[in-house]
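1. A structural model of the following input is requested.
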Amino acid sequence: MPSFLTEKSMESAVKYINRKFPNIDFRGGSQQLSLIQKQKSAVLEVLSSFYDSFVDVMEFRDHVYELLNTIDACQCYFNIVVNFDFTKNYLDLITTYASVILMLSRIDDKKAIVGMYNCAHEFSNGCSDPSYPRLGQMIVEYEHPLKKLTEEFGPHTKAVTEALLSLQQVYPRRNLPAEQWRSVQLLSLLGTPTNLLSPASCDTMACEYLPIEVMERWIILGFLLCHNSLNTNTASQELWKMALRSGLYITLTRDEVLNIHKLSEEHFDGMKGYNKRIADIKECKEHTIINCGGVHREKRLFLRNALKELTKVLEDEPALLGPKALFVFMALSFSRDEVLWLVRHSENIPKTKTPEDYSDSHMAELLFYMERLRALLNRYNYILQRYHLQYLSQFDALILNDTIQSIYVCPEEESVLMTSFVSALSALTLKQLDSGEEFDLRALRLDWLRLQAYTSVGKATLALKDFPDLARIMNMTQFHTKMMDSMEELLQETAELSILCFYPRVFEKMFSQSSEDSSMQRYLMAFPMVCARFSQSTHHMCPEEMVLMEKQSLKLCVKFLEEIAEHLCSVVLEISAEQSNLHEQLLPKHCAETISAARNKKLKKPVPKKGEVPKEKPGTESHRKDRAVVTNMDKMHLTLTELCTSYSMCSDFTVFKHIIVPSEFLISQLEHRLSKIFVRMANYNPNTQDILRPSELLSGIHAYITSLNTLSRYINVDIPRLLRSVLLQQTQPLDSQGVQTITTLYTNWYLEGLLRQASSSLIAHCPTMHCFINQNVENEQNFKAEQFSDICELRALAELIGPYGLKFLGENLMWHITSQVGELKKLVFENMDVLVQMKANFDKPEMMSSLQKRLTGCESVLKRMTIIGVILSFRTMTLEALEEVTDYNTHCPFLMGPIESLRNFMAMDSDIKVAISVYELASAAGLHCNIDPALVTAIANLRTDNSSTEEEYKISCLLLVYIAVSLPTLAVDPATFYSREHGGHQNNVHCLATAINHLSAAMFTVQNKSIEQHLREFLQVASSTLLQLGQNVDKVEVKNRDSVYLLLDMIVEESPFLSQDVLESCFPYVLLRNAYREVHRTFIHTMG
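-> Below is the predicted model of the structure:
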């Protein structure tokens, strides 16, 4: 409806036009029509298409009048069995015309639209539109459309009735109940095996697949317009009542329907002599409400089984499509009739005791086999063409020639047409087919329609009704020609379901009911495939609705595919979750109870009390005492099989030029849900800092992957691509949905849960075991550090989050390191004067002693450097794990080999940018590098704009001095004790070696200075300050002196730039030897 008619400002104009229509006084109504005058151009533009449509209806009516009068004047003969095309076109003309007029009467605002357009035309051009007087008169005349139509069709009653009564030979036979269909084994190829190869043919071939809905529309509307014969002709009454008993509604167009009993009763009410007909209508309506739903339910049941048998036979023997093509089109037509009947009545269910008859949870099966038959016809089109080409040239042409020869009187024009038929059919050869020539026999069919018209007029010399054999042969030949070049037209006539596009609620309800029935799940793909047919409901003369139809079709198609995919996805993931749970029972942590029970049994300890239920061992779920017992896994696998079967229906199809791939919807659903599942499996709780061990998560994910890979046995879907996509997303901070991934969760946990406590010495780094361990402190930790940081766990972490994830973890580690470096620079800046003097006088003990007292923040420097060392030690452990996971001998030798070669042959004096690029590549692959490229980048980004290169270099040098002169303070701390068992100090100060080496290498790389030279200077200062500890007699201050001495050896051991001879030059080796002997002597041996 145009928006103009709903505007508040136009309300007075619309009321005035409706009241005065069609004689609108433009001058007298100037006040009400003033707004139209102001917006006349806009009104003309908006309403022109509506007005032109009404004019088209008027012109169509004029042409129908003219044609009907011509037909009556020619006294044409109509018989659906004899001149099928001629009669069908005549009845279609009548029903189309009546439907247009009835639709016109349903437009409430037609007066306002026509009147407003004419007002605007009057104001713009100074005169009314030329078509307006007749158009206005027509709208007034058809206020009561049926009454006017009845008057119009009075002169045509004889021809209409004759055409309708010819349906007696077809309609009753087509309207049989399902019991009679079964008794004659309708549509069955196996019922009579001896006739399996015989061609299916009959005297009324075109009538066999004529939609019953079309015939009912002809009968109902025809007898409404020409109702006189209902009181005079018993045959007319019987045919009419049979149509009234077949249903409650017939289609006008698309989703517009007619309530046939109500409309007929209102039409006959008040007519003299039609009381009996009104009683017949009421009786038929009552019969329909009671019986019709059950009758059509049984028909749908029969058709499901019949189509299933027909499809199976033809799939096994496609060559039977040639002789049995008629059966296929009959099956499609019968099924289409039942689908459309249910669609029409589902929206308007009457008050009945059996409302379930108007819904069908098995509709998916019927639609599925309709689509299968269509697919068979398209796939084996060559077989059909080859069979019918030979049939036309070697049978139809010969028998038609014999029939023509037997006609004793034949006018020249008719003779020329019939001779051309024989010539055209005889000229068909297999060479044309094999050479790929496209056939076009539309001219022959048009000539046959022309011949029907010539021979059906009253005074025709050659009357077709006198030669029924000619009509039978030509009707059969026409069907055979359609097999050659008009397959799609026949399919559209017999299997077109595009009307479902206009009943989205009914269509969705059918899908919902079918999806709830487990036996129908294998057929669900038929629903989205039906959406591919919706383009057939559009018309090239109405292009503006193409976009709307396309949106509606795609909306329904995508909805169905998403629901199917979601259902299948749920089943697949439930099975995978169950497999993951079973796999989890096999983890080593669950074997303790089994070992304990076996040990108790061996030691003959008392058995548990009766109340205690013994724990079932893994695998007991597979023991079966009775196969009839169906487990939940059995049900899920059955559902999985059913749903996957639906995907085998087709790999792709087209909806309005959009190629739809059903499996991609499944991939999308699985990808989205798998990401959530993997993140949920980690069990990360930011409040309690609980998380699943990486090895356990990896084991669970492997179980999911193993289970998901079995899906490819059911359906052709690229599971490896799916898993790569999901797992690759988990190596990024956020996935494609913007949700945190495993990488983010483990990065947060290791930073906040592990390293934060390691920085506080609650957790110690243990070089011996290559992990972190819990310290024996009063506050027991809620997790064991070694269970998250040992070699196996870090390998599992590297496999989970990969190089990308570890790079993200490294970037976060670097952020924490740079924050500590920033604080260290502040401390250096505060003590710069003292540090400068200490650097210049490190070899003067007396001056160093006085300067040491002026120096502040030594503990803070060492604490921050220890934190840096802990973080870098953890980073080194993760890179080692990554290197082991991406071992080039097993994973990617052609990639890892060149990377390792580049790293090994990179000279120390190479260009810094080139070197860093190579180190970044190597580090991403998990290879150890002398200079950490991530730390270099972080240090370079830390530099402020205000600071110069010289200032940064000076601070870096003084920082090493600061660290060196602060080392003696560690001897006072009792936690500095070196543990031989753990290979490190209890307060993690052994990580200072890692921190000093990595940090100095990064700082002096950024400043393009010699790393080795500055580390030598550091050793000299550190050695000098530590040697002074030997002169201190205070036992408290030198308690852990030996443990501190070991730091120098650790620094040299870990540094690629220093060697033992450098250390020997400034720190006596004998002191190191004695230090190692002392720390090992104090180690307490405990026997298990």
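
2. Isn't G983 up against H770?
-> No: G983 is not in contact with H770 according to CB atoms under 8 Å; the separation is 9.4 Å. Heads up, the C-betas are built off the backbone N, CA and C, glycines and all.

3. neighbour count winner among these two?
-> H770 (18 against 15; other CB atoms under 10 Å).

4. And that one, its phi and psi?
-> For H770, the backbone dihedrals (degrees, to the nearest 10) come out as phi 50, psi 50.

5. Equivalent analysis for I250, please.
-> Dihedral angles for I250 - degrees, to the nearest 10 - are phi -120, psi 160.

6. dump the residue contacts of it.
-> By CB atoms under 8 Å, 6 or more residues apart in numbering, the contact set of I250 is E213, E216, R217, I220, L221, V257, L258, I260, R344.

7. Neighbour-wise, which one of those leads?
-> In those, the most neighbours by other CB under 10 Å go to L221, 27 neighbours.

8. Go ahead and produce CSV holding the CA coordinates of the helix or strand hosting that residue.
-> Element membership for L221, per DSSP states H and E: helix 212-225. Extracted C-alpha coordinates of helix 212-225, given in CSV (Å, rounded to 0.1, in the frame of the first residue of the first chain):
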residue,chain,number,x,y,z
ILE,A,212,-5.6,-31.6,-9.4
GLU,A,213,-5.6,-28.2,-7.8
VAL,A,214,-5.9,-26.6,-11.3
MET,A,215,-8.9,-28.8,-12.1
GLU,A,216,-10.6,-28.0,-8.8
ARG,A,217,-10.0,-24.3,-9.5
TRP,A,218,-11.6,-24.7,-12.9
ILE,A,219,-14.6,-26.6,-11.5
ILE,A,220,-15.3,-24.3,-8.5
LEU,A,221,-14.8,-20.9,-10.3
GLY,A,222,-16.4,-22.2,-13.5
PHE,A,223,-19.6,-23.3,-11.9
LEU,A,224,-19.7,-20.2,-9.8
LEU,A,225,-19.7,-18.1,-13.0
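
9. Spell out the residue ranges of the helices in the stretch 401-550 of the chain.
-> Along the stretch 401-550 of the chain, the stretches classed as helices by DSSP state H, counting those that start in this stretch are 412-426, 430-434, 442-454, 468-485, 487-495, 504-516, 526-531, 546-584.

10. Include distance to E671 when you put these into a markdown table, please.
-> Converted to a markdown table, the helices of the stretch 401-550 of the chain look like this (distance: least, CB to CB, whole Å):
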| stretch | distance to E671 |
| --- | --- |
| helix 412-426 | 58 |
| helix 430-434 | 47 |
| helix 442-454 | 50 |
| helix 468-485 | 45 |
| helix 487-495 | 36 |
| helix 504-516 | 22 |
| helix 526-531 | 20 |
| helix 546-584 | 10 |
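
11. Packed most tightly, which of those helices would that be?
-> Across the helices of the stretch 401-550 of the chain, averaging neighbours per residue (mean count of other CB atoms under 10 Å) puts helix 526-531 on top, at a mean of 26.

12. Can I get that helix as PDB, trimmed to CA atoms?
-> Output of helix 526-531 as PDB, limited to C-alpha atoms (Å, rounded to 0.1, in the frame of the first residue of the first chain):
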ATOM      1  CA  ALA A 526      15.100 -31.200   1.200                       C
ATOM      2  CA  PHE A 527      13.900 -28.000   2.900                       C
ATOM      3  CA  PRO A 528      16.800 -25.700   1.900                       C
ATOM      4  CA  MET A 529      16.900 -27.300  -1.500                       C
ATOM      5  CA  VAL A 530      13.200 -26.400  -2.100                       C
ATOM      6  CA  CYS A 531      14.300 -22.800  -1.500                       C
END
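
13. Mind giving me the packing neighbours of it?
-> For helix 526-531, the elements it packs on are helix 363-379, helix 504-516, helix 546-584, strand 653-655, judged by 3 or more CB pairs under 8 Å, 6 or more residues apart in numbering; DSSP states H and E.

14. the helices in the stretch 701-850 of the chain, which residues?
-> 719-729, 742-749, 756-759, 786-789, 791-830, 832-840, 845-854.

15. any chance of those helices in JSON lines, with mean pLDDT too?
-> Listed next are the helices of the stretch 701-850 of the chain as JSON lines, based on pLDDT from 0 to 100:
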{"stretch": "helix 719-729", "mean pLDDT": "92"}
{"stretch": "helix 742-749", "mean pLDDT": "94"}
{"stretch": "helix 756-759", "mean pLDDT": "88"}
{"stretch": "helix 786-789", "mean pLDDT": "90"}
{"stretch": "helix 791-830", "mean pLDDT": "92"}
{"stretch": "helix 832-840", "mean pLDDT": "88"}
{"stretch": "helix 845-854", "mean pLDDT": "84"}
